[in-house]
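Asks: after the sequence you'll find the predicted model.
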Amino acid sequence: MKIRTSALALTSVAAAAILLAGCSASSPADASGESSGQTITIGTLRAQPHLFSPYFYEQLGDDLDFEIVLFDSSSDIKNAIVSGSIDFGVTGAAAVITGVAEEQDVRIVAAAADGGTRIVANESITSPDDLVGAKVGYPMGATQEILLKRTLEAEGIDPATDVELVNLPFSDMATAYASGQIDAFISAEIGPSIAIEGGAHELLSAYDTAIGRTNIVLATSASLIESNPELVQSVVDTHVAAVEHMAEDTDAWASGLVEEFALDRAIVDTAIENIWPTWELDADYLDTLRAMSEEMLEFDQISTAVDQSLLTDTSFVDAAE
């Protein structure tokens, strides 16, 4: 399987669209859904256990060729789908919600992984009450901001006055914690697991809000859905097989991460314990997407309410069941 770093990490979306247009399978795939020797491009993030499913696509997808394109953020993946630079993306649900709120051409066609977020703290913080006055790292504008603030509120802690919130990129959380810059933090994996292996502990569950564990999805464009639904079905079927393989064989999942990204196995194993591969878009899951959309609007992460009928297309996972 080919793997490359997206040009979007270095240039604009428009430039990447021109550069990568020839790699897209949207036009060359035939009506039967076969790839006709062409490559289907799928975006994901580097070294993220909860976004690893594309690495199993080629071995599980019959007569389909895939190329993985690595990005630096879920927003970059969503933008690449919208621009036509890639065909599919395993990405954060929040990024797709943002795209739909902005009337962009992107849809969720399957779930991919639940979980992947933790609230961790140092050994001196043994209860939520100990957070009062503490420095707590969080990624402003991300779903984790919502999860942290709602979780603190449920514990009777005012996130605006009772703690000192420190805005940090995901990639800096574990380092900031290790250096003592912050006392606790919420982040996506693998930062929390790095901290746990270094002596931190999980203080609170991040999953007791209306959003639940919902996090990572498989997305594509409405244009591709309309022009080649057979191809979309083939990719979703492959995705389902990959997700089920991850759930059933966590050793292969962990070993793949270690081999591909030279990660520490103990850290990977800790992270995987906090991730639940999934693909279904059932009524309960759709409710969590609605809750996420509403919370993002409440937190000014999007400027308009999201039409939920434009957010997902469940027909492909329904056919895969």
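Replies: Good, I have the coordinates. The structure presented is a predicted model; accordingly, all values stated were derived computationally and were not measured. Residues are numbered from 1 along each chain as shown.
Asks: tell me the buried residues in stretch 98-108?
Replies: Neighbour-count burial for stretch 98-108, counted by 16 or more other C-beta atoms under 10 Å, picks out T98, G99, V100, A101, Q104, D105, V106, R107, I108. Any C-beta I mention is one placed from the backbone N, CA and C, and that applies to glycine too.
Asks: repeat that for stretch 162-180.
Replies: Going by neighbour count (16+ other C-beta under 10 Å), the buried part of stretch 162-180 is D162, V163, L165, V166, L168, F170, D172, M173, A174, A176, Y177.
Asks: quick check: end-to-end length of it?
Replies: For stretch 162-180, the first-to-last residue distance is 19 Å (C-alpha to C-alpha, to the nearest Å).
Asks: how far off centre is that stretch?
Replies: Here stretch 162-180 is found 20 Å from its chain centre; the criterion is C-alpha atoms, centre = their mean, to the nearest Å.
Asks: what does it contact?
Replies: 120, 122, 131-140, 142, 152, 157, 159, 181-182, 184-185, 187-188, 191-192, 194-195, 198, 200 (C-beta atoms under 8 Å, 6 or more residues apart in numbering).
Asks: which of those residues count as buried?
Replies: Buried by 16+ other C-beta under 10 Å: 120, 122, 131, 134-139, 142, 152, 157, 159, 182, 184-185, 187-188, 191-192, 194-195, 200, out of these.
Asks: which of those residues fall within helices?
Replies: Of the buried ones among the contacts of stretch 162-180, the ones assigned to helices by DSSP state H are L152, G191, P192, I194, A195.
Asks: how many neighbours does the closest residue to the third one other than its chain neighbours have?
Replies: Closest residue to P192 in three dimensions, ignoring its sequence neighbours and counting by C-beta to C-beta, 6 or more residues apart in numbering: R118, at 3.6 Å. For R118, the count of nearby residues is 28 (other C-beta atoms under 10 Å).
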